[in-house]
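S.K.: The sequence and its predicted three-dimensional model are supplied below.
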2 protein chains.
Amino acid sequence: MANWKNLDQLQAFEELKAAKKVNIREAMTGESGADRVRSFSVPIAEGLDFNYAARPVDADLLAVLAKLAEEAELSEKYKELYEGAVINTGEKRLVLHQLCRGQLGKDVIADGVNKREFYVKQQERIAEFAKKVHAGEITNAAGEKFTTVVQIGIGGSDLGPRAIYIALENWARRYGKLKMEAKFISNVDPDDASAVLASVDVAHTLFVLVSKSGTTLETLTNESFVTDALKKAGLSQSNHMIAVTSETSPLAKNENYLAAFFMDDYIGGRYSSSSAVGGAVLSLAFGPEVFADFLDGAAAADRAALETDPLKNAAMLDALIGVYERTFLGYDATAVLPYSQALSRFPAHLQQLDMESNGKSVNRFGEPVDYVTGPIIFGEPGTNGQHSFYQLLHQGKTIVPLQFVGFKNSQIGNDVIIEGSTSQQKLCANVAAQIVAFACGKDDENRNKNFDGGRPSSIIIGETLDPKSLGALLAHFENKVMFQGFVWNVNSFDQEGVQLGKLLAKRVLAHETDGALAVYSELLNI
Amino acid sequence: MANWKNLDQLQAFEELKAAKKVNIREAMTGESGADRVRSFSVPIAEGLDFNYAARPVDADLLAVLAKLAEEAELSEKYKELYEGAVINTGEKRLVLHQLCRGQLGKDVIADGVNKREFYVKQQERIAEFAKKVHAGEITNAAGEKFTTVVQIGIGGSDLGPRAIYIALENWARRYGKLKMEAKFISNVDPDDASAVLASVDVAHTLFVLVSKSGTTLETLTNESFVTDALKKAGLSQSNHMIAVTSETSPLAKNENYLAAFFMDDYIGGRYSSSSAVGGAVLSLAFGPEVFADFLDGAAAADRAALETDPLKNAAMLDALIGVYERTFLGYDATAVLPYSQALSRFPAHLQQLDMESNGKSVNRFGEPVDYVTGPIIFGEPGTNGQHSFYQLLHQGKTIVPLQFVGFKNSQIGNDVIIEGSTSQQKLCANVAAQIVAFACGKDDENRNKNFDGGRPSSIIIGETLDPKSLGALLAHFENKVMFQGFVWNVNSFDQEGVQLGKLLAKRVLAHETDGALAVYSELLNI
């Protein structure tokens, strides 16, 4: 059994506090900079490399971080997780999302079931269902093929699957893999469901209702919008809606749904893209083979994270450097900056993944910790962000570590040459330039044009954004967040912080309020 | 002439440092909380109210902030700005975006031109052009009506107009005002232009090329994608593309464009939604009357910002409290959280507006400042964010002030009643609940379920999101950012921080690199 200790109980804590800070600007200038870029690189999987040359570490600091990894028993804890220990201590649950895409250790039996077999079974059921839909064997009541799939879900049932759909939509179009267009309804704002419903041909739409518990208020409310729209069109819900839920939920074995596919309590919402939550909508949109490739990519990154030497384990190294930046250098936020328009919603997904997992003030035993934990995550795709918030990143008073992502090739393959270079080359030139600009800065006597540099970043470089590399990219970040949770000794798999708001909202709707809440309710006309 | 002093040269600086901190939790609990919610409210315009009950101020602190406003001469500086002083000191330019929507003071004559007349003239030209397009008097070469408008621009030429279009699209559809569907191409990533072009019927599309200088590389590159697509379809650019640019740019008086509409150097990109940059695409999409209403709403908020008593001036008060939170309480980030799906891209626009304006380390004279300036801005619409990153906001180690926005009514007006309440009521109940949950928290012996509270927020409450209230909302934030720039004594209207990256990217494309930059270029296959 691994030892779970707070970060400040480890020897490496004091060593990191005392460690000599790296001057990124110096380190990244001249030939030493070139050497770093060549050597500070670790493969992830599926052609992705994690290059951390411009982050605030050197050989000495890396040695302390490696010691931290060992002292914190990161590899042992990872093993416990994938072999089915109760890692989610608060909710007393196993943490098994990785079993949806592979098996790294011994069989995990829970509730009398081999969980890997269970998840694979659901994927097979989904694949079979999706193939029948695509083949026109499952149709609407008029015998016509479904053309559109609409996911109804919120949080983890929305952000991940949506980001993945957007990331692969153009790729799928190019290679003839776009079987059905996908749309998403998430917000309880009635305008969300209304607008999506107005934009689709309901008669040829298959809806995927996603709620693990079967009780998420937003999702059930949006279900009603859809059933109303179906009724008005003279259509039956049971012909047009499937459910993704747990086997014990009211949505399971319910004849309102054409079919139900299952996940369970061992898969947290924000980690559920690899489960039926992502599987149903993505298999319908792109075909089950594409979803299988995505899972293979994720599994490859999971395997890469087995490496016990953190200098050869990209997810672990990314995690350790991130902890150093956050807890020891005191940087509050991290920006995720993919130079790929297809990844436009990927930062929003990572925002949930990271902030909901590690935005905690207590350790996994419920005791307050005395050090800062997970950072604020935000980001937009480049080059757009350059023309927006990069001003603060370059010249503001606050240093924000940056996580760039870039690909050598575009997805669609259509390009133009202007001023001697393609757009894809311009895109890549920009991300290369930004890393160096942030790291090295530039002196100018006019202080308004002066760049201090010293702003840390790393980049994940890939060949092309496709199902496999996307799977690896997602799993890299999931594993990074997991390792960081281990280092900070927090439970990365619960989210008690969302409960109080839910409780108070219920009181407002029941008109059981007083004090400030009563007046806000009045002002908002509830 | 106003006196421009650094914040730490003002008496109020020391007083704010010494001021007793407000315990939000205490202040917001019980009847005193109810009183605050009732009384800590200032009208903006167009039915919007700014309620700051849950922010960390009380009567004493507000008195010091009022003193700060006076000492920093905020109203005098605002007057200088709208009457045409050289407020943008770095670039030696006037700052005139407000003149696009009204005139608050004496005539502004620059370069021999009455600028208000110039901006109005452009709006009239756009209105006339848009009406002709809608009436089928301006058509494609085959004499067919244009159905779609595509804006080509980046940064300020993209984020603001795009956020506004998304904010009003459903409203316009409901009221029969959606004249043309709008799309946007921004990223130099070739997949952006390729995907948008594949999604439109080029023969019936009017393109709006937006670049003030006429030299923005991303935008000119994307223009080529469009002209290629037009050529392939046997169509002529001069029938399908208009330009929005400055009169001196290479895009002006250029027969490649069907028409050109003008802005000038006195309108910064991130402040340009009110100018021809927003005017062309939005007038084409919704009709010039809708755009005129949007401008009226913005003008009303500009007038409200004239009030010299900060306790009656929402933009000024929001600015002052924000400076207090940022510089004196040390909060690095602010989240913008609109409870309105239509405002899904509004946070991204505010991110540019705020971070590019005030993310500076030097004052308006180019001298380093010794205090922190503009915050990191991020956000997503509620209730979606509740199921994502709110965990960290509630229970994380970092306190993030929150700016909520909510409306009593939905835009589309379509709703369902589930468990006794409409979706709109649920939406509003959630935002009310969140404010109180963040402020008051909840004690629990299980520390994992404990909420410390004390997390500051304000809310802007409106009736319905429509062109006028949206204009007022945008202007509120523009004016807030302006006042904050005055307090911090930074130049909120230049963006020197974007230059170094551009320069280095050019070097990469010219293969004039060495050191780290050369190796990154290799790795990225440039």
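M.R.: That came in fine, so what should we check first?
S.K.: Please list the residues of the stretch 101-250 of chain A that sit near chain B.
M.R.: Taking Cβ under 8 Å from any Cβ of the partner chain as the test, the list of the stretch 101-250 of chain A residues beside chain B reads A:154-156, A:158-159, A:169-170, A:173, A:186-195, A:198, A:217-218, A:220-221, A:224-225, A:228. All C-beta atoms are positioned from the backbone trio N, CA, C, and that covers glycine.
S.K.: Please repeat the previous calculation with a cut-off of 6 Å.
M.R.: Within reach of chain B by Cβ under 6 Å from any Cβ of the partner chain, the stretch 101-250 of chain A has these residues: A:154-155, A:170, A:186-192, A:194-195, A:221, A:224-225.
S.K.: Now for these: which two are most distant?
M.R.: Maximum pairwise distance in those, criterion Cβ to Cβ, is 33.2 Å, between A:170 and A:224.
S.K.: Tell me the buried residues in stretch A:5-22?
M.R.: Neighbour counts over stretch A:5-22 (16 or more other Cβ atoms under 10 Å in any protein chain shown) mark A:6-7, A:10, A:12-13, A:15-16, A:19, A:22 as buried.
S.K.: So for residue A:170 and residue A:224, which sits in the more crowded spot?
M.R.: Under the criterion of other Cβ atoms under 10 Å in any protein chain shown, the comparison of residue A:170 against residue A:224 puts residue A:170 first, with 23 against 15.
S.K.: is it fair to say that one lies in a helix?
M.R.: Yes - remark: residue A:170 belongs to a helix, assigned using DSSP: H, G, I helix; E, B strand; the rest coil.
S.K.: That one reaches residue A:411, doesn't it?
M.R.: Yes - contact criterion Cβ atoms under 6 Å: residue A:170 and residue A:411 qualify, at 5.0 Å.
S.K.: what residues do the two have in common as contacts?
M.R.: When contacts are counted by Cβ atoms under 6 Å, 6 or more residues apart in numbering or on different chains, residue A:170 and residue A:411 are jointly contacted by residue B:191.
S.K.: before we move on, which element is residue A:280 in?
M.R.: Here residue A:280 sits within helix A:276-286, counting by DSSP states H and E.
S.K.: Name the next helix or strand downstream of that helix, please.
M.R.: Remark: after helix A:276-286, the chain's next helix or strand is helix A:288-304, criterion DSSP H and E.
S.K.: okay, the angle between that following helix and helix A:276-286?
M.R.: With axes from the mean of the first three to the mean of the last three Cα atoms, to 10 degrees defining the directions, helix A:288-304 sits at 140 degrees from helix A:276-286.
S.K.: what about stretch A:486-503, average pLDDT?
M.R.: Taken as a whole, stretch A:486-503 has a mean pLDDT of 97.
S.K.: For stretch A:189-204, what is the distance to the chain centroid?
M.R.: When distances are taken as Cα atoms, centre = their mean, to the nearest Å, stretch A:189-204 is centred 26 Å away from the chain's centroid.
S.K.: My error: substitute stretch A:89-97 in the last question.
M.R.: 18 Å.
S.K.: Please apply the same query to stretch A:331-338.
M.R.: On the basis of Cα atoms, centre = their mean, the separation between the geometric centre of stretch A:331-338 and that of its chain is 14 Å.
S.K.: Also stretch A:187-204?
M.R.: In this view, stretch A:187-204 has its centroid 25 Å away from the chain centroid, taken as Cα atoms, centre = their mean.
S.K.: State the distance from residue A:174 to residue B:200.
M.R.: With the distance defined as Cβ to Cβ, to the nearest Å, residue A:174 ends up 17 Å from residue B:200.
S.K.: Residue A:190 too?
M.R.: In this structure, residue A:190 and residue B:200 are 29 Å apart, going by Cβ to Cβ.
S.K.: Just want to know which of these two has more residues nearby.
M.R.: When neighbours are counted by other Cβ under 10 Å, residue A:190 and residue B:200 differ, and residue A:190 comes out ahead with 25 against 17.
S.K.: nearest spatial neighbour of that one, skipping sequence neighbours?
M.R.: With sequence-adjacent residues excluded and distances taken as Cβ to Cβ, 6 or more residues apart in numbering or on different chains, residue A:190 is closest to residue B:423, at 3.8 Å.
S.K.: what are the phi and psi angles of that neighbour?
M.R.: Dihedral pair for residue B:423: phi -60, psi -40, per degrees, to the nearest 10.
S.K.: From residue A:187, how far off is it?
M.R.: When distance is defined by Cβ to Cβ, residue B:423 is 9 Å away from residue A:187.
S.K.: What is the helix or strand encompassing residue A:437 packed up against?
M.R.: Using DSSP H and E, residue A:437 maps to helix A:423-440. Helix A:423-440 sits against strand A:402-407, helix B:499-509, helix B:515-523, with contacts defined as 3 or more Cβ pairs under 6 Å, 6 or more residues apart in numbering or on different chains; DSSP states H and E.
S.K.: For residue B:251, which of those is the nearest?
M.R.: It is, among the helices and strands packed on helix A:423-440 and with distance given as Cβ to Cβ, helix B:499-509, at 19.3 Å.
S.K.: Can you tell me what sits against that closest one?
M.R.: A:386, A:421, A:429-430, A:432-434, A:436-437, A:442, A:451, B:513, B:521, B:526.
S.K.: Would you confirm that residue A:458 contacts residue A:56?
M.R.: No - using Cβ under 6 Å, residue A:458 is not in contact with residue A:56; the gap is 10.6 Å.
S.K.: Can you say which helix or strand has residue A:245 in it?
M.R.: Under the criterion of DSSP H and E, residue A:245 resides in strand A:241-246.
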